[in-house]
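In: based on what follows, work out the 3D shape:
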Amino acid sequence: MGTKDARIRFLRAVAITSIGCLLIAFGLVYPIYHVSHGSPQYAWGHTYELIRPISGVVSISNQEYRMELGDWSLYDANVFVREFYTNGTPILLVLSSNGAESTVWPFYNDSSEPVGQTFWVHNPPPHVLIIRYQGFNTSFSGWVLVWGIRDPFPLSPPSYPWWGTFLPAIIGVVLLVAGLELFWGQKRESSSRYWNQVLVFCTLGLLLLCLSFPSVVCPHHFLYFEPPEYNNFGEFAGTVTLAEPVVAFPFHGLQPCEVGLYGFHVTFSSVTIRAYTPDGLVNYTWNNVDSNYPNFQDFVLDASGDTVVEVLRETTDSSFRCWLQTSYHPVEIRETHAGAYTPFATLFLVTGIILISFSLFFVVKGFKAFPKS
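Out: So this is what the prediction gives:
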């Protein structure tokens, strides 16, 4: 019975010491575990872009045309009025932001070339674009683009949970000291060189195994999304007739991106929109546009390389207009801290397994070396 109790006391001392080493190692590598997560990350300063068509008539009976631009709050925001046409009579162009107004007068187009205007927005929402009557019946059409940055400053890093490092390490040191005290007390009663080897190999093995912990349980890579990159190709407009039933717009050498036909509008009869790549990998078709898709519609597709957008006549002649834009979202595969730690973690893991194997071998030898009672 005394031999069995002595074995249990030796194993208890080794177990307490080993748990102390585990907690100390966990406290050392917890920072790597804390910052190595697999969630996608987004660059600060995400760009935002809104595209809307405008068209209408202002007159003595209808003196204002108003467009709500949304309740957004952007840093370094710009409102662009592009491809603006009128019948040659002046209007007053107003951008209202939280009651403050930026005004352009007279604003009109007396030529066949479109005109444009840019507003810099410095006031909080709401934002409204207003076209006001100035004594002349004025028909107009154009496009409004809103561009800005959603996040003006990078997010502060999350607070570091200090208890994840210091608390386990402190408890581990206490257990390590207590376990060694128990072990040396047992050594004075029953000396065996095998138990020295058990203690050394077991504690070091578990210490090294725990040091490999972050790279074992954490992903080694994550997706990092850069701010999207926009490329505006301007207005795409034309007329499909019996003599010219197809109007096409080719894109050359696109990197993988989204191609958008924003605010597509048909004046008379419905048309068909087709977008395709010469290799046949991309083939989108929308039929009866203006019947199935009335009013101003957005059509977005994924494409890369050379891409052709076609508008096809269906039953009768019809004119159309839209705004063309590509949007590219760069994505990087980045290595986590756990991934960068992998070479060391692999060395610790393999070495720890070897040491644990030796400790088990010497446990058996130690049990056999005890005198029979």
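In: mind listing what the residue lying closest to His220 once chain neighbours are set aside touches?
Out: Residue nearest to His220 in three dimensions, not counting chain neighbours: Gly339, with 3.1 Å by CB to CB, 6 or more residues apart in numbering. C-betas here are computed from N, CA, C, even on glycine. Gly339 makes contact with 36, 215, 219-221 under the criterion CB atoms under 8 Å, 6 or more residues apart in numbering.
In: so which of those residues comes closest to Asp5?
Out: Distance to Asp5, by CB to CB, is smallest for Ser215 among the contacts of Gly339, at 40.8 Å.
In: measure that closest one to Tyr65 for me?
Out: 61 Å (CB to CB, to the nearest Å).
In: of the two, who's got more company?
Out: Ser215 (26 against 18; other CB atoms under 10 Å).
In: kindly confirm my reading that that one is in a strand.
Out: No. Looking at Ser215 with DSSP: H, G, I helix; E, B strand; the rest coil, it is helix, so not inside a strand.
In: okay, helices next: where are they in this protein?
Out: 2-35, 163-189, 193-211, 213-217, 337-340, 342-369 (DSSP state H).
In: rewinding a little: would you reformat the contacts of Gly339 as CSV and include distance to Gly352?
Out: Formatted as CSV, the contacts of Gly339 follow (distance: CB to CB, whole Å):
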residue, distance to Gly352
Ser36, 20
Ser215, 13
Pro219, 22
His220, 19
His221, 25
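In: identify the farthest-apart pair in those residues.
Out: Ser215 and His221 (12.0 Å).
In: could you identify which of the contacts of Gly339 has the most neighbours?
Out: Result: Ser215 is most packed of those (other CB under 10 Å), 26 neighbours.
In: for that residue, list the residues it contacts.
Out: Ser215 neighbours (CB under 8 Å, 6+ apart): 32, 338-339, 341-342, 345-346.
In: looking at those, which has the smallest pLDDT value?
Out: Lowest-confidence member of the contacts of Ser215: Ile32, scoring 90 (pLDDT).
In: what sits against the residue nearest to it when sequence neighbours are not counted?
Out: Once flanking residues are discounted, Ile32 sits nearest to Pro214: 4.1 Å by CB to CB, 6+ apart. For Pro214, the contact set (CB under 8 Å, 6+ apart) comprises 29, 32-33, 36, 337-338, 341, 345.
In: count of residues packed around the closest residue to Leu204 other than its chain neighbours?
Out: With sequence-adjacent residues excluded and distances taken as CB to CB, 6+ apart, Leu204 is closest to Leu355, at 5.3 Å. For Leu355, the neighbour count with other CB under 10 Å is 20.
In: Leu355 against Leu208, yeah?
Out: Yes. Leu355 is in contact with Leu208 according to CB atoms under 8 Å; the separation is 6.7 Å.
In: from the contacts of Pro214, pick the one nearest Thr241.
Out: Checking those one by one against Thr241 (CB to CB), the nearest turns out to be Ser36, at 61.7 Å.
In: ok, the closest one - contacts?
Out: 214, 218-219, 336-339.
In: how does it look with 7 Å?
Out: 214, 218, 336-338 (CB atoms under 7 Å, 6 or more residues apart in numbering).
In: give the burial count for the nearest residue to Pro90 once chain neighbours are set aside, as a bare number.
Out: Of all residues not flanking Pro90 in the chain, Pro106 sits nearest, at 3.2 Å (CB to CB, 6+ apart). Neighbourhood size, Pro106 [other CB under 10 Å]: 12.
In: beta partners for Ile51?
Out: Beta-bridge partners recorded for Ile51 (DSSP bridges): Leu145.
In: that one reaches Tyr262, doesn't it?
Out: Yes. Here Ile51 reaches Tyr262: they are 4.2 Å apart, a contact under CB atoms under 7 Å.
In: now the common contact residues for those two.
Out: Between them, Ile51 and Tyr262 share the contacting residues 323, 325, judged by CB under 7 Å, 6+ apart.
In: re earlier: of the helices of the chain, which is nearest Val115?
Out: helix 2-35 (52.0 Å).
In: so which elements touch that closest one?
Out: Judged by 3 or more CB pairs under 7 Å, 6 or more residues apart in numbering; DSSP states H and E, helix 2-35 is in contact with helix 163-189, helix 193-211, helix 213-217, helix 337-340.
In: which one of those helices lies closest to Ser318?
Out: helix 337-340 (56.1 Å).
In: could I get the full set of strands for the stretch 251-373 of the chain?
Out: Counting by DSSP state E, counting those that start in this stretch, one finds strands in the stretch 251-373 of the chain at the ranges 271-276, 283-289, 297-313, 318-328, 331-335.
In: ok, which of those comes nearest Gly135?
Out: strand 318-328 (28.1 Å).
In: neighbouring strands for that closest one, and are they parallel or not?
Out: The strands beside strand 318-328 in its sheet (DSSP bridges) come out as strand 229-240 (antiparallel), strand 246-266 (antiparallel).
In: gap between the last one and the chain center?
Out: Distance of strand 246-266 from its chain centroid, counting by CA atoms, centre = their mean, to the nearest Å, is 25 Å.
In: kindly report the same for the first one.
Out: The chain centre lies 27 Å from the centre of strand 229-240; the measure is CA atoms, centre = their mean.
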